[in-house]
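Undergrad: Let's see this in three dimensions:
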Amino acid sequence: MSDAPAYGFDTLQIHAGSRPDPATGARQTPIYQTTAYVFRDADHAAALFNLQEVGYIYSRLTNPTVAVLQERIATLEGGVGAVCCSSGHAAQIMALFPLMQPGTNVVASTRLYGGTVQQFSNTIRKFGWSAKFVDFDDLDAVRDAIDDDTRAIFGESIANPGGYVTDIPAIAEVGNAAGLPLIIDNTSATPYLCRPIEQGATLVVHSTTKYLTGNGTVTGGAVVDSGNFDWSASGKFPSLSEPEPAYHGLKFHETFGPLSYTFYGIAIGLRDLGMTMNPQAAHYTLMGIETLSLRMQRHVENARKVAEWLEKDPRVDYVTYAGLPSSPWYDRAQRLYPKGAGALFTFAVKGGYEACVKLVDSLELFSHVANLGDTRSLIIHSASTTHRQLTEEQQIAAGAAPNVVRVSIGIEDADDLIRDLDQALAKATA
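TA: Okay, the predicted model is just below:
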């Protein structure tokens, strides 16, 4: 679509990146279920391998179905390019990979998905990287955590599990002053509720498994680049600014400019890490994105109604939904996320850990699964599952205390969801 900026979100979620198949005229993006692609001739093959021409070589790197999804997500986020991969966790490694070297660190929010805390606390150390966890509401603490070895700042727009709302412009200002890119995981908000690049983020990551696909069928991830960061200014990002031995000394930033990070993610990241999204997964996600705005409107509407009911229930200690006027992040959510504070939040059950377990076991309509962003309403006791590997102190900091359950509110009839919660709470607190 040559004039994409002129179109509204609802139009772009259907059309961006997609064109009728040139061979058959098929209107829906085909699933290109192939590993490799025939070169026109030897010169064509050489040009592709030398990054002198854009095209398809091998589906670990590029695939036409995945390429449509990459363009669509980049367009919806307001980025210059995107790289899709096998999962949200893969996207986080892919996002850091061009930036980090052994001995470097990332400053991360304390309010993150438990799996991300685990990945950043332990797994990335095997690459020689490390993470410093800081309360993003304390901007001075964020500044103090940055040192000469820091290469990025990482947070979530709407944090999993508690629905905490990050002040992206404030954190971006800290990053800009330090000459560091800000990476925002926008999984829970989606570009319909929040466009982090417009608020100052450099990079955006997604678990496309969640709201973008929206139906719990496939896993996937994406990394979107704003194209706004000068990777050569400080000398801190040699993977992008210095000669790349695998391409005869090519300098990615010098050669590809605003698209350098995206090209590196494909040519080096996918080539060597192999965290590839398969074309069928891309197809499912493309179909999901076509209805993203409609689903997010209903998700938010239902979440607000359920949260309001829970807040008034005497069997509940508190509700963390940022869309409630009682939330400490309500004003921030209204300012930065005017279309809604998402549909992910937690609530504390009187009776503690045991009551939470009984609640989860007593629900009939809610599904007890380790996922979020489905059309179906989902629930999980984070302290015993997704955040089980953390210390109790880390669980509390992440919003996953032992007396708390996380809900991802779906698009069913909200009154049915409330009735289900009512009967389950009765059994849990009896």
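Undergrad: starting at the chain centroid, how far to the one helix or strand residue 73 maps to?
TA: Using DSSP states H and E, residue 73 falls within helix 64-77. Centroid separation for helix 64-77 versus its chain: 15 Å, with Cα atoms, centre = their mean, to the nearest Å.
Undergrad: now it: mean pLDDT?
TA: Averaging pLDDT along helix 64-77 yields 98.
Undergrad: Need the contact partners of that helix.
TA: 4, 9, 12-13, 16-18, 29-32, 56, 59, 80-84, 186, 191-192, 195-197, 204, 206, 208, 212, 222, 224-225, 277, 279-280, 282-283, 285-286, 289, 292 (Cβ atoms under 8 Å, 6 or more residues apart in numbering). For every residue, glycine as well, the C-beta is placed using N, CA and C.
Undergrad: likewise stretch 242-251?
TA: 50-51, 241, 252, 267-268.
Undergrad: what two of those residues have the greatest distance between them?
TA: The two members of those with the most space between them (Cβ to Cβ) are 50 and 241, at 19.7 Å.
Undergrad: More neighbours: the two, which one.
TA: Remark: of residue 50 and residue 241, residue 241 carries more neighbours, 18 against 11, as counted by other Cβ atoms under 10 Å.
Undergrad: Touching, the more buried one and residue 261? I think so.
TA: No - under the criterion of Cβ atoms under 8 Å, residue 241 is not in contact with residue 261, lying 11.2 Å apart.
Undergrad: what about the protein, any weak spots by pLDDT?
TA: Applying pLDDT under 70 to the chain picks out residues 1-5.
Undergrad: Okay, angle between the lengthiest helix in it and helix 64-77 too, please.
TA: Longest helix in the chain by number of residues (criterion: DSSP state H): helix 292-312. If you take axes from the mean of the first three to the mean of the last three Cα atoms, to 10 degrees, helix 292-312 sits at 60 degrees to helix 64-77.
Undergrad: Can you name the next helix or strand after helix 292-312?
TA: Taking DSSP H and E, what comes next after helix 292-312 is strand 316-319.
Undergrad: Check which helices and strands the very next helix or strand once past that next one sits against.
TA: Toward the C-terminus, strand 316-319 is succeeded by helix 330-336 as the next helix or strand (DSSP H and E). Judged by 3 or more Cβ pairs under 8 Å, 6 or more residues apart in numbering; DSSP states H and E, helix 330-336 has no packing partners among the helices and strands.
Undergrad: Strands along this structure, start to end?
TA: 81-85, 105-109, 130-134, 150-156, 182-185, 203-207, 221-225, 316-319, 344-349, 367-368, 378-380, 404-408 (DSSP state E).
Undergrad: In a markdown table, list the ones you listed along with mean neighbour count and distance to residue 176.
TA: Shown next, in a markdown table, are the strands of the chain (neighbours: other Cβ atoms under 10 Å; distance: least, Cβ to Cβ, whole Å):
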| stretch | mean neighbour count | distance to residue 176 |
| --- | --- | --- |
| strand 81-85 | 28 | 21 |
| strand 105-109 | 25 | 14 |
| strand 130-134 | 19 | 17 |
| strand 150-156 | 24 | 10 |
| strand 182-185 | 28 | 8 |
| strand 203-207 | 29 | 14 |
| strand 221-225 | 30 | 16 |
| strand 316-319 | 17 | 35 |
| strand 344-349 | 26 | 28 |
| strand 367-368 | 14 | 42 |
| strand 378-380 | 23 | 36 |
| strand 404-408 | 26 | 33 |
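Undergrad: Would you reformat these as CSV and include distance to residue 326?
TA: What follows is the strands of the chain, written out as CSV (distance: least, Cβ to Cβ, whole Å):
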stretch, distance to residue 326
strand 81-85, 37
strand 105-109, 22
strand 130-134, 26
strand 150-156, 22
strand 182-185, 26
strand 203-207, 29
strand 221-225, 33
strand 316-319, 8
strand 344-349, 12
strand 367-368, 27
strand 378-380, 22
strand 404-408, 16
